[in-house]
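3D model of this:
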Amino acid sequence: MPTPKKSTSKKPTPKKSTSGSKKPLAYGAVIVVAAGLLGFASYKATAPGNTSGNSSGNTAPAAEVSADPQEGVYPELAKLARRDADDKLAVGRADAPVVLIEYADFKCGYCGKFARDTEPELIEEYVEDGTLRIEWRNFPIFGEESENAARGAWAAGQQDRFWEFHAAAYAEGAKEKGFGKDRVKALAQEAGVKDLARFMKDLDGPDARAAVAKDQEQAYGIGATSTPSFLINGRPIAGAQPKETFTRAIEAAAEQAKTTGKAGSDASGASEGAADSKGSGASETIKDSETTEDSAK
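So this is what the prediction gives:
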């Protein structure tokens, strides 16, 4: 699992603020330790230096998902799901019984592997039938270009092209071209962003910086130090795990939601049965990207 490179100019630590500097304490030491242990479990297979991100024997060890749907689940972490029907960086019903939160960096090879290999299948199997919602959190940890890509993704989202930008930025070989300002603009154009002047203004605007900083602070607050990191209804999963790990966690969470009758209870302002209008478009974008890559191989 990629970890931040050391830098003398910038350290990947959360910014101090009066509102969020004590955030880790709100989740409890046990939760932070749990997230840390999961991160360590997948570190060797996703450590820096192995940048290929391919599946030739270099996949992360499968995280254990207990048959007990409550084991390894932390209610305080489950509350981090925003369930905002207007969230432009999410796909799926706001009242879905299961929410997967992904903390990722566009320069992370294993994040790209998840985006290309696993995420499209999860969307097809669970998002489209209303079981799952995926919420993206920008977690740039590799410096200035990571920050550029994160703000670019947010800016593309303001014109309803986040998932198209996501697909372009995670396409095979995309990260090797870097994420300088001109490259990010080119990705936006590839993603179909219509107003590029507005995109560039949003890219460097205070709203984009604040949104990315908010996501970063949340990630650091739960003890995440590397990418990709996930929460599935409060269950931490670290690394680009095999699809089966996510499948077991999603199905366990869905079963637990049926038992407790709390499906969608945290959805703010989302009426029962109301689907996220951005869901189907994101699904088609991701599946189209996967098809294009398969044909190119």
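
so when I look at E145, I'm seeing a helix, right?
Yes - counting by DSSP: H, G, I helix; E, B strand; the rest coil, one finds E145 located in a helix.

how near is it to K177?
Distance of E145 to K177, computed by C-beta to C-beta, to the nearest Å: 10 Å. Yep, even glycine has a C-beta here, placed from its N, CA and C like the rest.

of those two, which one has the most company?
More crowded of E145 and K177, by other C-beta atoms under 10 Å: E145, with 19 against 12.

ok, and the closest non-adjacent residue to that one?
Among residues not flanking E145 along the chain, F179 sits closest, at 4.0 Å (C-beta to C-beta, 6 or more residues apart in numbering).

for A81, same thing?
In space, A81 is closest to V99, 3.9 Å off (C-beta to C-beta, 6+ apart).

OK, contacts around K181?
Listed by C-beta atoms under 8 Å, 6 or more residues apart in numbering, the contact set of K181 reads N148, M200, L203.

could you measure from the second one over to V184?
Put plainly, it is M200. To V184, M200 is 9 Å away according to C-beta to C-beta.

now D95
Taking C-beta to C-beta, one finds D95 at 33 Å from V184.

before we move on, what about G109?
For G109, the distance to V184 equals 18 Å [C-beta to C-beta].

give me the more crowded residue out of the two.
V184 (26 against 20).

need the phi and psi values for that one.
phi -60, psi -40 (degrees, to the nearest 10).

in which helix or strand does the nearest residue to it once chain neighbours are set aside reside?
Nearest residue to V184, sequence neighbours excluded (C-beta to C-beta, 6+ apart): G152, at 4.0 Å. Per DSSP states H and E, G152 falls inside helix 144-157.

can you tell me, leaving aside adjacent residues, what's nearest to A155?
D202 (3.8 Å).

that neighbour contacts W154, doesn't it?
Yes - between D202 and W154 there is a contact under C-beta atoms under 8 Å: 7.5 Å.

look at those two and report which has more neighbours.
W154 (25 against 22).

can you pull out the low-pLDDT segments for the protein?
Low-confidence segments of the chain (pLDDT under 70): 1-71, 262-297.

what ranges do the strands span in it?
Per DSSP state E, the chain carries strands over the ranges 90-91, 98-104, 132-138, 229-232, 235-238.

thinking again about what came up before, how many neighbours does the residue nearest to V184 have?
Count around G152 with other C-beta under 10 Å applied: 29.

that one touches A188, doesn't it?
Yes - between G152 and A188 there is a contact under C-beta under 8 Å: 6.3 Å.

list residues touching both of those two?
Counting by C-beta under 8 Å, 6+ apart, the contacts common to G152 and A188 are F165, F199.

how close does the residue nearest to V184 get to A167?
With distances taken as C-beta to C-beta, G152 is found 13 Å from A167.

next one: E119
On the measure of C-beta to C-beta, E119 and A167 end up 10 Å apart.

ditto for T131
22 Å.

looking at those two, which has the bigger crowd around it?
Using other C-beta under 10 Å, the more surrounded residue of T131 and A167 is A167, with 26 against 20.

about what we covered before: partners of the residue nearest to A81 in the sheet?
R133 (DSSP bridges).

that one - how many residues pack around it?
Neighbours around V99, by other C-beta under 10 Å: 27.

you'd agree it is up against K79?
No - counting by C-beta under 8 Å, V99 does not reach K79; the two are 10.3 Å apart.

tell me where the stretch 1-150 of the chain has helices.
In the stretch 1-150 of the chain, the helices defined using DSSP state H, counting those that start in this stretch lie at 23-27, 29-41, 75-78, 109-113, 119-122, 144-157.

in the fifth one, what counts as buried?
Right, the one you point to is helix 119-122. Residues of helix 119-122 classed as buried: E119, P120, L122 (neighbour count, 16 or more other C-beta atoms under 10 Å).

equivalent analysis for stretch 242-251, please.
Buried residues in stretch 242-251 (16+ other C-beta under 10 Å): P242, T245, F246, T247, R248, A249, I250.
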